[in-house]
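[1] This is the structure alone, sequence omitted:
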């Protein structure tokens with residue numbers, strides 16, 4: 001091989017190394033972006049879990065209110081009871097609306 005051939009081979013290898021280095025840097029950047037997105041999604045999931053737990057607590061509170069209305073309704077005369085039953089039905093609808101969200 002002549003010095004010119006060695007020089008060409010060297011330039012070729014140098015170019016290939018440059019391409020590999022660029023590819024590795026791109027891969028590293030993509031990995032960092034993926035990690036950041038994953039972290040953001042984890043935060044969103046945690047917020048959603050907290051929100052769901054709060055909604056469950058509210059639903060349980062509504063259930064307790066409904067039980068109270070129904071107990072009061074049983075103790076009252078029929079004309080007063082219809083209003084409480086109506087209120088209890090409204091609360092049940094609100095509670096089921098919270099669950100469906």
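    Received the coordinates, thanks. Keep in mind that what you see is a predicted model, and the values were worked out from it rather than measured.
[2] Okay, and residue 93 sits in which element?
    helix 78-100 (DSSP states H and E).
[3] Can you give me the neighbour number for residue 93?
    Residues near residue 93, counting by other CB atoms under 10 Å, number 11. Placement of C-beta: from N, CA and C, glycine included.
[4] now residue 72
    15.
[5] returning to what we had before: state the mean pLDDT of the helix holding residue 93.
    For helix 78-100, the mean pLDDT works out to 69.
[6] State the distance from residue 71 to residue 91.
    Noted for residue 71: a distance of 13 Å to residue 91, by CB to CB, to the nearest Å.
[7] Name the residue in these two with the higher neighbour count.
    Counted by other CB under 10 Å, residue 71 and residue 91 do not tie: residue 91 has more neighbours, with 18 against 11.
[8] residues touching residue 18, list them.
    Contacts for residue 18 (CB atoms under 8 Å, 6 or more residues apart in numbering) come out as none.
[9] what about it, distance to residue 96?
    Residue 18 is 63 Å from residue 96, by CB to CB.
[10] Okay, the residue nearest to the spatial centre of the chain and residue 59: tell me how far apart.
    Nearest to the mean C-alpha position of the chain, by CA atoms, centre = their mean, lies residue 45 at 3.1 Å. From residue 45 over to residue 59 the distance is 21 Å, taken as CB to CB.
[11] And residue 38, by the same measure?
    31 Å.
[12] do residue 96 as well
    8 Å.
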